[in-house]
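Engineer: my questions concern the predicted model and sequence given below.
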Amino acid sequence: MAVEFDKELVPSASRINIYLISPFEMKPDADLNGRVDLPSIRKFEDDFRNPSVGQLEPIIIKKVDGYPVIVDGVGRWRAACNLSKAKEGPHEEGVFKLQCRYFVAKSPLNYFIATVKANIRNDPKPADDAHNVSIFLHNFNLPEEDIAGRIYGRFTEDDKPDVRWVRDMATLSNLTAEGLEALKNGTLKPKSAIALAGMTEKIQKEKLKKLASGE
C-alpha cells in the first residue's frame, strides 16, 4: 500500500517504480559476479520466511532483450528461488516474487562498478576484492587511483588514494587454487597470502604443502 506524506511537511517526496517479478523469470549476469565463492543465503531465506521482515531491500535489475537481468542481488534471488521451489512464498502457487528496481548505466564498466559497490556493503572477502580489482585493471584499464578512491573509498593517512592496497589485491589475484582454499578456511592469513601470491605457482604449491604439514 502506497503511503502519502504530508505535502507541506515533505514537499520533495516522490515515488519510483518498484517491480514484483518471479525469480524464475530473471537471471544473473555472469559478467557482473563480484564474488569468487557464492556466500550463504541462510539469512535471506530466514528473512523471507518471516512476514514481519521479508525483503528489506529491492534487487537491482537491467533489461536485456526484454528480459530482467540481475545487476545486484544474486543472493536474494537464490533465496527466492529456493523458497519458490518449495512453494513457501506468499504469492500465487507459493512463489516468492522479488521487489526489483530498474537501473540503467552508461557502460558495462558502470554496471560492474554498481555491482562491486553493492558487494562492498556486504563485507567481501579478500579473494573477492582481488578478483574485482583485477577485472578493473585488466578488463577496463581503470587507473589505480580511481579503483582505490572512487570505487573502494580507500585512502591513506594523508588522504591520497591507497594504490598500495590496489597493487596488493592485484598480486593476490595470482594466488593458486590451493592458496585460495587456504585463505578461505583461515589457514593462510591475508598478508601472508599477498606475499605468497607474488611467487611462482611452483613455489606457492611447495610452501602450501609445508603449511599443510604444520611447518
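Structural biologist: Received it, and whenever you're ready, just let me know what you need.
Engineer: use CA for all of it now, contacts and neighbours both
Structural biologist: Noted.
Engineer: and the nearest residue to residue 182 once chain neighbours are set aside, how far from residue 35?
Structural biologist: Excluding its sequence neighbours, the residue lying closest to residue 182 (CA to CA, 6 or more residues apart in numbering) is residue 188, at 5.2 Å. To residue 35, residue 188 is 19 Å away according to CA to CA, to the nearest Å.
Engineer: what does residue 20 give?
Structural biologist: Taken as CA to CA, the span from residue 20 to residue 35 is 25 Å.
Engineer: just to be sure, the residue nearest to residue 182 is in a helix?
Structural biologist: No - using DSSP: H, G, I helix; E, B strand; the rest coil, the assignment for residue 188 is coil, not a helix.
Engineer: where's it relative to residue 50, distance?
Structural biologist: Counting by CA to CA - residue 188 and residue 50 are separated by 38 Å.
Engineer: look at these two and report which has more neighbours.
Structural biologist: Just comparing residue 188 and residue 50: by other CA atoms under 10 Å the higher neighbour count belongs to residue 188, 19 against 11.
Engineer: might one say that the more buried one is in contact with residue 178?
Structural biologist: No - contact between residue 188 and residue 178 fails when scored by CA atoms under 8 Å: they sit 10.3 Å apart.
Engineer: what about residue 175, which SS state?
Structural biologist: Going by three-state DSSP: residue 175 is coil.
Engineer: please report phi then psi for it.
Structural biologist: phi -70, psi 140 (degrees, to the nearest 10).
Engineer: tell me how far the residue nearest to it when sequence neighbours are not counted lies from residue 33.
Structural biologist: Distances taken as CA to CA, 6+ apart place residue 197 nearest to residue 175, at 4.5 Å, with adjacent residues excluded. Per CA to CA, residue 197 is found 22 Å from residue 33.
Engineer: just residue 208 next, same as before
Structural biologist: 28 Å.
Engineer: what do you get for residue 186?
Structural biologist: Taken as CA to CA, the span from residue 186 to residue 33 is 23 Å.
Engineer: now swap in residue 202 and tell me
Structural biologist: 29 Å.
Engineer: so the two - more neighbours on which side?
Structural biologist: Taking other CA under 10 Å, residue 202 and residue 33 do not tie; residue 33 has more neighbours (21 against 9).
Engineer: all good on my end, thank you.
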